[in-house]
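J.: Requesting a structural model of the entry that follows:
(chains A and B)
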Amino acid sequence: DTAVSQTPKYLVTQMGNDKSIKCEQNLGHDTMYWYKQDSKKFLKIMFSYNNKELIINETVPNRFSPKSPDKAHLNLHINSLELGDSAVYFCASTGWGEQFFGPGTRLTVL
Amino acid sequence: GNSVTQMEGPVTLSEEAFLTINCTYTATGYPSLFWYVQYPGEGLQLLLKATKADDKGSNKGFEATYRKETTSFHLEKGSVQVSDSAVYFCALRLSAGGTSYGKLTFGQGTILTVHP
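T.: Modelled structure (predicted):
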């Protein structure tokens, strides 16, 4: 069983489109995160949710809107996609110990 | 603020060579320190961790010691293999209390390539 899963794995789309990435964890964790990894492999946190409540928002443009329907899911919706949004997006979750990461979604904006 | 600095990469080694990847940090309070590894096309996996000064984390032949006096957590392995080729991230996490909610602050990552 995959602990943290993301769909889709690859996403190729045109500038200006709206797209969503889904994340689910089956670990029973309370806290989930979205990270963005750029082409130089640099990882930066975007959002964190704890029990469906937003607790960290690291000055991400408001075109990015996370949604947590329940504590096992944290989805990321992106409006009006721009070229600079091309990256790999990782979902992660944590209980009281380590963070577990999903396999990533490679977003390419053309 | 809190930050993590890793040695510049990429690092290229021959199989069985000794590996050191330097990591230093700046943090308020007493952070926990981590090394994560990202194999090609995959997400990050925890490699090892240390939660207090002088702790040594170890896994798969890799070691790192939490040095409070030098604010460092250098990663070492005595004999690398081709299968160790990956990106390595040093990270810190502040204590569970407060508003950090387990947030990890990552270094910039070091790409390691091991040749046969």
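J.: Sheet-wise, list the partners of the worst-scoring helix or strand of chain B on mean pLDDT with their directions.
T.: Least confident helix or strand of chain B, by mean pLDDT, DSSP states H and E, is strand B:104-106 with a mean of 89. Looking at strand B:104-106 with DSSP bridges, its partner strands are strand B:86-93 (antiparallel).
J.: what about the strand it pairs with, distance to the chain center?
T.: Strand B:86-93 sits 4 Å away from the centroid of its parent chain (Cα atoms, centre = their mean, to the nearest Å).
J.: repeat for stretch B:27-36
T.: On Cα atoms, centre = their mean, the centre of stretch B:27-36 falls 10 Å from that of its chain.
J.: does it come close to chain A?
T.: Yes: contact of stretch B:27-36 with chain A (Cβ under 8 Å from any Cβ of the partner chain) involves B:Phe34, B:Tyr36. In short, each C-beta sits where N, CA and C put it, glycine included.
J.: Pull out the buried positions in that stretch.
T.: B:Ala27, B:Pro31, B:Ser32, B:Leu33, B:Phe34, B:Trp35, B:Tyr36 (16 or more other Cβ atoms under 10 Å in any protein chain shown).
J.: And the strands in the chain, which stretches?
T.: Since no chain was named, I'll use chain A. Secondary structure of chain A (DSSP state E): strands at A:4-7, A:10-13, A:19-25, A:31-37, A:43-50, A:53-57, A:64-70, A:73-78, A:87-94, A:99-101, A:105-109.
J.: my question was about chain B
T.: Under DSSP E, chain B gives strands at B:3-6, B:11-14, B:19-21, B:23-26, B:32-38, B:44-50, B:56-59, B:62-65, B:75-77, B:86-93, B:104-106, B:110-115.
J.: same for the first one, what does it pack against?
T.: Counting contacts by 3 or more Cβ pairs under 8 Å, 6 or more residues apart in numbering or on different chains; DSSP states H and E, strand B:3-6 is packed against strand B:23-26, strand B:86-93, strand B:104-106.
J.: do the fifth one as well
T.: Using 3+ Cβ pairs under 8 Å, 6+ apart, the elements in contact with strand B:32-38 are strand B:23-26, strand B:44-50, strand B:62-65, strand B:86-93.
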